[in-house]
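> A predicted structure for the sequence below; I have some questions about it.
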Amino acid sequence: MNLRWRHLALAAIGATALAASACGSNTAKDDAAAAKNVSAQSTTAADPKAGWPKKFVVGYFGGDDAESVLKKQGPFKKYLEEKLGMPVELFTGTSYGAVIEAMRADRVDAMLVGPFAYVLAVQEANAEAIATLISCPASAKDCKYDDKIVPYYQSVVFTKKGSGITKLEDFKGKGFNFVDPASASGHLAPKTLLIKRGFDPDKEFKTVFAGSHPTAVLSVWNGKAPGGATNEGNLLTLIAGKQIEACMWADGEISKPRTAEEIKKTFDACPDGKIAIVDVTDPIPNTAFGIRQKLPVTFKKAVQDALLSVKDNPELVSSARYWYADPHEKLNLKTLDAFYNPLRDIAKLLKLDLKELAEKG
């Protein structure tokens, strides 16, 4: 009970007592009961954990190895239990859709699912984003907090230099590797880029789904396809593993918007025989940590504070290989949820069935 309502309650009780006294009908027992009621309400209002769940259940997509997912999240589970002072239970679903349904049924309090699945969770399960996941690059041997790593990533359209392809138009009538129908960086974002550039890849390109990011690139590297799409991080991983040679950006950075001039300059400088970037997508938001909107504000704030403090725990960052951020103020957005509006735009442009995507996840 806030101060205003407490004053109103006290005033109401006072008025009742005054009226009863005037009528000669008030008793000491009534006064005692009323005072006890106000005291109980005041105690509830003063309890910062009022309405908190008895345990905190966090949902994940289990994939083909749910046990591995649970084991990987073990240190994070222990961290949350210490921060929140309550039991934390990890839940795995056979698809993103299964996790979302569990939240809709109040069997899961929060979830860490793909970016598009989060958008669906807002729609179907009243999820609310309270933080965004930031992972260490796969190529990094030791994971340490780095405030230069941004909470989004980018995809690129690429070819093997010397293939005869120098611009998007050259892919017309030729093979093009996407990754998977539900992949944001391997299909949905690059397809949106191609449509925005005036192409219909489904009709003008000979598109195929390679099945994984590495396969989409290695197919091109081995001369089995003219080009395709993947995220920048996958290219760095393949370079680090000495599986391909590729021309990346002169400044050594990724997840950074590039101008058409910069893209062309990098492509032109790339020698034949190396993977070269033809174009770059708009930024794709990282995965959101979504929580049930109707949970108490104090609880959601406690969870958010715990998430944003992961970066201050070097041991956890090293083992989990991630931390969390809330970039909405830095990006001049009203809410963190607004950070995911570009995905809603993609869904609208591509006429995506998000429920179908979530079930494939």
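The structure has been received and is ready for your questions.

> and the residue nearest the centre of this protein?
Closest to where the C-alpha atoms of the chain average out (Cα atoms, centre = their mean) is residue 287, at 1.6 Å.

> where does the closest residue in space to it that isn't next to it in sequence sit, in terms of helix or strand?
In space, and not counting its chain neighbours, residue 287 is closest to residue 133: 4.6 Å by Cβ to Cβ, 6 or more residues apart in numbering. Every residue, glycine included, has its C-beta placed from N, CA and C. Following DSSP states H and E, one finds residue 133 within strand 127-135.

> run through who's touching the next helix or strand after that strand.
Later in the chain than strand 127-135, the nearest helix or strand by DSSP H and E is strand 152-153. For strand 152-153, the surrounding residues in contact (Cβ atoms under 8 Å, 6 or more residues apart in numbering) are 185, 231, 232, 233, 254, 255, 283, 284, 285, 286.

> returning to that earlier point: list the contacts of the residue nearest to the centre of the chain.
Counted by Cβ under 8 Å, 6+ apart, residue 287 has contacts 112, 113, 114, 115, 118, 132, 133.

> kindly recompute the last result at 7 Å.
112, 113, 114, 115, 118, 133 (Cβ atoms under 7 Å, 6 or more residues apart in numbering).

> swap in residue 145?
Residue 145 touches 311, 317, 323, counting by Cβ under 7 Å, 6+ apart.

> which one of the residues you listed sits closest to residue 241?
residue 317 (23.2 Å; Cβ to Cβ).

> ok, the closest one touching residue 140?
No - the criterion here is Cβ atoms under 7 Å, and residue 317 misses it with residue 140 at 11.2 Å.

> pick out whichever of those two has more residues nearby.
residue 317 (21 against 14; other Cβ atoms under 10 Å).

> and the more buried one, how far from residue 306?
14 Å (Cβ to Cβ, to the nearest Å).

> likewise residue 177?
40 Å.

> so those two - more neighbours on which side?
residue 177 (27 against 20).

> what sits against the more buried one?
Counted by Cβ under 7 Å, 6+ apart, residue 177 has contacts 208, 210, 216, 219, 220, 225, 228.

> can you do 10 Å?
158, 186-187, 205, 207-211, 213, 215-220, 224-230 (Cβ atoms under 10 Å, 6 or more residues apart in numbering).

> just the ones of those in helices?
If you go by DSSP state H, those have 213, 215, 216, 217, 218, 219, 220 in helices.

> in PyMOL, select just the buried ones from those residues.
Only the buried entries of the ones in helices among the contacts of residue 177 go into this PyMOL selection, using 16 or more other Cβ atoms under 10 Å:
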select buried, resi 213+216+217+218+219+220
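
> ok, the ones in helices among the contacts of residue 177 vs residue 342, which is closest?
The closest of the ones in helices among the contacts of residue 177, once distances to residue 342 are taken by Cβ to Cβ, is residue 213, at 20.5 Å.

> chain neighbours aside, what residue packs nearest to that closest one?
In space, residue 213 is closest to residue 234, 4.1 Å off (Cβ to Cβ, 6+ apart).

> next secondary structure after the helix or strand harbouring the one you found?
Element membership for residue 234, per DSSP H and E: helix 232-240. Going down the chain from helix 232-240, the next helix or strand is helix 260-269, by DSSP H and E.

> residues of that following helix that come out buried?
Neighbour count says helix 260-269 has 263, 266, 267 buried, by 16+ other Cβ under 10 Å.

> packing partners for that helix?
strand 155-160, strand 275-280 (3 or more Cβ pairs under 10 Å, 6 or more residues apart in numbering; DSSP states H and E).

> out of those, which is the most enclosed?
strand 155-160 (a mean of 26; mean count of other Cβ atoms under 10 Å).

> which helices and strands sit right next to it?
Right, strand 155-160 is packed against strand 175-178, helix 189-196, helix 213-221, strand 227-231, helix 232-240, helix 260-269, strand 275-280 by 3+ Cβ pairs under 10 Å, 6+ apart.
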